[in-house]
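Asks: turn this into a model:
(chains A, B, C, D, E and F)
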There are 4 protein chains.
Amino acid sequence: MGTQRQRLPPTVRVGQILDAALQEFSIAGYAGTRMDDIALRAGLSKGGLYAHFSSKEQVFEALLARHLCPPRLDAHALVAGSSTPRHLAERLVNHLYASLANPAMIATMRLLLAESGRVPHLARRWRQDTADAHQNDIAQLLRLARERGLCGDGVALRHPWLLLSPVVHAIFMAILVGADERINLPERREAHVALICALL
Amino acid sequence: MGTQRQRLPPTVRVGQILDAALQEFSIAGYAGTRMDDIALRAGLSKGGLYAHFSSKEQVFEALLARHLCPPRLDAHALVAGSSTPRHLAERLVNHLYASLANPAMIATMRLLLAESGRVPHLARRWRQDTADAHQNDIAQLLRLARERGLCGDGVALRHPWLLLSPVVHAIFMAILVGADERINLPERREAHVALICALL
Amino acid sequence: MGTQRQRLPPTVRVGQILDAALQEFSIAGYAGTRMDDIALRAGLSKGGLYAHFSSKEQVFEALLARHLCPPRLDAHALVAGSSTPRHLAERLVNHLYASLANPAMIATMRLLLAESGRVPHLARRWRQDTADAHQNDIAQLLRLARERGLCGDGVALRHPWLLLSPVVHAIFMAILVGADERINLPERREAHVALICALL
Amino acid sequence: MGTQRQRLPPTVRVGQILDAALQEFSIAGYAGTRMDDIALRAGLSKGGLYAHFSSKEQVFEALLARHLCPPRLDAHALVAGSSTPRHLAERLVNHLYASLANPAMIATMRLLLAESGRVPHLARRWRQDTADAHQNDIAQLLRLARERGLCGDGVALRHPWLLLSPVVHAIFMAILVGADERINLPERREAHVALICALL
DNA sequence: TATGAATGAGGCTTCATTCAT
DNA sequence: AATGAATGAAGCCTCATTCAT
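Replies: Next comes the predicted model:
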């Protein structure tokens, strides 16, 4: 009967499925997405999906797990390679906005926000594994920079998360309007560098 | 049978329904909320709901419309009543965090983020009616402060939205963890004041 | 609150309601018509309707009862006033098509067909009170015409209902296409007269 | 649980469903029939129905489409094979009443009449594809019969539809009383033959 | 009599999941 | 591993009927 689709190695199939799931979930949310939608976009049938994941919930959790571990900051390398405060600020900003260029990250973030009520354990895990870790990285970076004389005793030392606020702000807007051109990323990055310099 | 038949004026009922809808939608998102849930919490029957709203979608839109218009900033009054830059910063921060004390606003904001993919027109309207308006208010505030000698030629003049970033950051975290104590609002406000002072 | 509508004498109201009911029922059938539709068209509220009829079923039966008694044929007068077979045929045709000019009759007929499964007792009553009666009238007419020498021993004498077939055919088409101009009534009447003449 | 899971090829299932739908719709009309009824009679679940038809409306339309194309008349064969006018009339009547023996056709016709207000496009299509076509067939038949000397210049030549009226009349009554014995089909056929002979 | 909010049963449709093939 | 028909539990919405005003 129906066209016999390709039989692919499991790893490849799972990747395709999670890609499809991310797109569908982030358009319509968890409850609003149908297994058919995911299957269709992944290029197999609903039944085929269940050969790889035993439930919708499992697809969802596998999905968040894959995307919620952005690259950690290498504070030592960053400080060591920076000659001036402004240079350090620029390199830090480069790192922070790298993830904004990744639509998958924005989509996952929106999903996490949308479904945090339904899967609080995932939200908590993200906060601990990612948000707190990032903040600690920044704090360590500032200590190293202070030791090297790259900064003074500004507010940032006491409240390192302030340095993250503009990028969180940008992510917030990207989630809301769809990460399109209306965010004016270059301007935001420039302003962010200036803010960091002012706070160091 | 059943509960007493409470006959209320439409205005009152609509208020009750939107209150109930906010709570339910916040817990489970749009697709995850049932009209029965809303009706039950609002104290009438599912059928009764439809005497006031013709669809679930309409309830949702009315809900967002009600909460997404936070009070505008009175730039003149704020500048006029401030003697020092720090004083101005404190008063501005007071204003900005006022909405954070309103759980309904946080809940509505989370809903808007979560469902922005489904109702892009509402997201766009919010951006124009609220986000852009706020930014313009800040810009005007800075011009006035500059005239009065309350600030210099800092980054803020060119990128007024930087002054908003920490509060957006706070809202973001509040959405994610549920606006509970883990946000440490007093500390965030103090840091925010310091940031503004540094940027003025 | 809502505009207080006029309080009319019951007889008038009932008439308005049945007029409205006929229109609505014949558009959508019994189950497809809502009490609201009838009330709206009758110019009062759903609640007001229930002041005059205690159920939808009762409205329906009152409606059919009102329209399913078309005027009987006066065979004596018809024959007495006719000088030639053609003249008689013309007068008979005039009588038969009089009801076709009444949209209410077409609508009621359609209703009866549509709902005959649901209210077989009404269908049976119509057959006896109306269809059979008409046939008998025609039979009597033919006997009288035969006595007066206005017709011979044609088929019609043995099968009087044949004289009705063309008008039933026309009603059938009118029900199906909505009694509009596409029926070409004048042509049908002329043909009908010719048919009767041929059969007498 | 429940019934055995019967997995059938779509074509078979669709046939079963339409058979079931015809019975149910005929009993209660469109609005009065529930998808559960159709599913139950077709031997699958309500949900299973939706694997083959995407809505109740679609079931209804497919149903009418299936039964509203009665066999066309082969005018040439009919005329060629007839030796006398009466013989021709008898063969024509045989053809016309063939469909009356098919209860499915009567039921479908009743449905079309009952719901013509709701689906005017189907009524129009039936008129064009079936009614008009039949009339043209009769007209052609008469022309051929005229050429062969099987008939004269009667009314029928100018109004061929007159020859159809008695069968439409019979269908009408069959719809109204349920196609049972009360129609007296043999008598009607005989009368019809006589009528045709009189009009040729 | 009349209004219209309210009820509650019921219908249409959707969709996660199962399973014969 | 894959397909897609089938199931069954919900969910949205409708509407005849009731009743406080």
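Asks: going by C-alpha atoms from here, please, whenever you check contacts or count neighbours.
Replies: Fine.
Asks: now chain A, which segments are flagged as low pLDDT?
Replies: Counting by pLDDT under 70, chain A has low-confidence residues at A:1-7, A:179-181.
Asks: and it, which residues reach DNA strand E?
Replies: Residues of chain A lying near DNA strand E by CA under 7 Å from any atom of the strand: A:31-36, A:46-47, A:50, A:54-57.
Asks: narrow the residues you listed to those in helices?
Replies: Among the residues of chain A next to DNA strand E, the ones falling in helices (DSSP state H) are A:31, A:32, A:35, A:36, A:46, A:47, A:56, A:57.
Asks: burial count for the fourth one?
Replies: Okay, so that is residue A:36. Close neighbours of residue A:36, defined as other CA atoms under 10 Å in any protein chain shown, add up to 14.
Asks: right, and it touches residue A:47 too?
Replies: No - contact between residue A:36 and residue A:47 fails when scored by CA atoms under 8 Å: they sit 9.1 Å apart.
Asks: returning to that earlier point: nearest to chain C among the residues of chain A next to DNA strand E?
Replies: Nearest to chain C among the residues of chain A next to DNA strand E, counting by CA to the nearest CA, is residue A:32 at 31.4 Å.
Asks: which residue is the nearest non-sequential neighbour of that closest one?
Replies: Nearest non-adjacent residue to residue A:32, counting by CA to CA, 6 or more residues apart in numbering or on different chains: residue B:31, 5.5 Å away.
Asks: run a quick neighbour tally on the one you found.
Replies: 15.
Asks: I figured it hits residue A:31, correct?
Replies: Yes - using CA under 8 Å, residue B:31 is in contact with residue A:31, at 5.4 Å.
Asks: compute the number of surrounding residues for the closest residue to chain B within chain A.
Replies: Nearest residue of chain A to chain B, counting by CA to the nearest CA: residue A:114, 4.0 Å away. By other CA under 10 Å, 29 other residues sit near residue A:114.
Asks: just give the nearest non-adjacent residue to it, would you?
Replies: Closest to residue A:114 by CA to CA, 6+ apart is residue B:114, at 4.0 Å.
Asks: for the helix or strand hosting that neighbour, buried residues please.
Replies: Taking DSSP states H and E as the criterion, residue B:114 maps to helix B:103-115. For helix B:103-115, the neighbour count (16 or more other CA atoms under 10 Å in any protein chain shown) marks B:104, B:105, B:106, B:107, B:108, B:109, B:110, B:111, B:112, B:113, B:114, B:115 as buried.
Asks: which one of those residues is nearest chain A?
Replies: The closest of the buried residues of helix B:103-115, once distances to chain A are taken by CA to the nearest CA, is residue B:114, at 4.0 Å.
Asks: distance of the most centrally placed residue in chain A from chain C?
Replies: Nearest to the geometric centre of chain A sits residue A:105, at 3.8 Å (CA atoms, centre = their mean). Distance, residue A:105 to chain C, using CA to the nearest CA, to the nearest Å: 51 Å.
Asks: who's in contact with that residue?
Replies: Residues near residue A:105 by CA atoms under 8 Å, 6 or more residues apart in numbering or on different chains: A:67, A:68, A:99.
Asks: what do you get for residue A:68?
Replies: Shown in contact with residue A:68 (CA under 8 Å, 6+ apart): A:105, A:108, A:109, A:126, A:130.
Asks: now do residue A:191
Replies: B:155, B:159, B:162.
Asks: what kind of secondary structure is the last one in?
Replies: The reference is to residue B:162. Under DSSP: H, G, I helix; E, B strand; the rest coil, residue B:162 falls in the helix class.
Asks: what's the burial count for it?
Replies: For residue B:162, the neighbour count with other CA under 10 Å is 25.
Asks: so how far is chain C from it?
Replies: 52 Å.
Asks: surely that residue touches residue A:164?
Replies: No - using CA under 8 Å, residue B:162 is not in contact with residue A:164, being 11.3 Å away.
Asks: among the ones in helices among the residues of chain A next to DNA strand E, name the buried ones.
Replies: Buried among those (16+ other CA under 10 Å): A:35, A:46, A:56.
Asks: could you dump those residues to TSV with distance to chain D?
Replies: Formatted as TSV, these follow (distance: CA to the nearest CA, whole Å):
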residue	distance to chain D
A:35	16
A:46	14
A:56	20
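Asks: tell me which of those residues is nearest to residue A:197?
Replies: Distance to residue A:197, by CA to CA, is smallest for residue A:56 among those, at 46.5 Å.
Asks: list the residues that contact the closest one.
Replies: By CA under 8 Å, 6+ apart, the neighbours of residue A:56 are residue A:35.
Asks: one more: residue A:148?
Replies: Counting by CA under 8 Å, 6+ apart, there are no residues that residue A:148 touches.
Asks: what is the neighbour count of residue A:25?
Replies: Residue A:25 has 23 neighbouring residues, counting by other CA under 10 Å.
Asks: before we move on, what about the one 4 residues further on?
Replies: Residues contacting residue A:29 under the criterion other CA under 10 Å number 26.
Asks: for residue A:30, same thing?
Replies: For residue A:30, the count of nearby residues is 23 (other CA under 10 Å).
Asks: and what of residue A:51?
Replies: The burial count assigned to residue A:51 is 10, neighbours taken as other CA under 10 Å.
Asks: so how far is chain D from it?
Replies: When CA to the nearest CA is the yardstick, residue A:51 and chain D sit 21 Å from each other.
Asks: could you do residue A:38 as well?
Replies: 19 Å.
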